[in-house]
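> Build me a model from this:
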Amino acid sequence: MTTLPELPPAAFAKQDRTPDTLFYAQPRFVTHIDDAAIEAATDLYRTLLPPGGRILDLMSSWVSHLPADVAYAAVIGHGLNLCELAANPRLTRHFEQDLNVDPILPLETASIDATLICVGVQYLQDPVAVLREAARVLAPGAPIIITFSNRCFPTKAVAIWRALSGDDQAQLIALYLRHAGFSDIEARVVLPDGRSGDPLRAVIGRTSSDREGAR
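Below is the predicted model of the structure:
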C-alpha cells in the first residue's frame, strides 16, 4: 500500500473485509444519487470534458451521467460487475477489475483525455496508487473529475471517509491527488448541503503539462 504520512494504515480499513468482488457480484440497476445530483454531475461534465475526447469512467456502472448530446471518441468503463457495464449504453468498451487488489490499469500511457470517478472514491483502500495510474494514462494537462455525495455503502467505505464529511472529504481527495502527482487541484460545491435532495461536491485535478512532471 502507498504510504500517506498524514494518515495511519487503519484509516483505510473497512467494516466489511470480505472481497469487494463478492459484494458487487449481483448487479444493482439503481442510481446512487438523486436526479438533481445526476443532472448537476452531467452539467459539470459538459463544461469540463472535451467533446470527441477519450473518456475513462472508473468505478462505473450501468449509467455514466455523460451529456446525451455530446459525442466522445471513446468511453471506457471500469467496474466490478460486468452485467452493469454491459448495460451502459455510453461505453464503447469496458473491463472488470478490483482496484483494491490490482491498481494497474490496462491502458496505454497518455491515452485518455479525461477520467471520471463518480461516487466511488470512498471505496478505494490504496487511493494514491489508483490515482497515480489515472495520472499515467491521462494525456498531459488532462483532468480527473471526482464527484461525491453524502451517500455510500458504509460497510465498504474506508474508515477515514466515514469519519469525515463535506469539505473535509474534499480535502482528503485533494490530499490523494497531490500524492498521486496531480496539480491545479480545485474543489467545488456543485450542490450544497442542507437542501432537500442529495448534495454534490467535486474535486478536479489535472496532470502536469510536462509528462515527466506528472510522474
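> Going by C-alpha atoms from here, please, whenever you check contacts or count neighbours.
Will do.
> List the residues that contact the most centrally placed residue in the chain.
Taking Cα atoms, centre = their mean as the criterion, Ile117 is the residue nearest the geometric centre of the chain, at 1.7 Å. Residues near Ile117 by Cα atoms under 8 Å, 6 or more residues apart in numbering: 57-60, 144-147.
> And for Val75?
Counted by Cα under 8 Å, 6+ apart, Val75 has contacts 54-57, 90-93.
> who does the lowest-mean-pLDDT helix or strand in the chain touch, helix- and strand-wise?
Using mean pLDDT, DSSP states H and E, helix 20-23 stands out as the lowest-scoring helix or strand of the chain, at a mean of 92. Counting contacts by 3 or more Cα pairs under 8 Å, 6 or more residues apart in numbering; DSSP states H and E, helix 20-23 is packed against no other helix or strand.
> list the buried ones in that helix?
Asp20 (16 or more other Cα atoms under 10 Å).
> and the next helix or strand after it, which residues are buried?
Remark: after helix 20-23, the chain's next helix or strand is helix 35-48, criterion DSSP states H and E. By 16+ other Cα under 10 Å, the buried positions in helix 35-48 come out as 37-38, 40-42, 44-46.
> tell me how far helix 35-48 is from the chain's mean position?
Centroid displacement of helix 35-48 relative to its chain, using Cα atoms, centre = their mean, to the nearest Å, is 14 Å.
> what's the answer for stretch 86-102, then?
13 Å.
> Could you give the separation of whichever strand in the chain runs longest from the chain centroid?
Ranked by number of residues, the top strand in the chain under DSSP state E is strand 183-191. Here the centre of strand 183-191 is set off from its chain's centre by 14 Å, with Cα atoms, centre = their mean.
> export that strand as CSV, just CAs?
Only the C-alpha atoms of strand 183-191 are listed here, as CSV (Å, rounded to 0.1, in the frame of the first residue of the first chain):
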residue,chain,number,x,y,z
SER,A,183,-1.6,19.7,-9.9
ASP,A,184,-4.1,22.6,-10.3
ILE,A,185,-6.4,20.9,-7.8
GLU,A,186,-9.8,22.6,-7.3
ALA,A,187,-12.7,21.7,-5.1
ARG,A,188,-16.3,22.8,-6.0
VAL,A,189,-19.6,22.6,-4.1
VAL,A,190,-21.8,21.7,-7.0
LEU,A,191,-25.0,21.2,-4.9
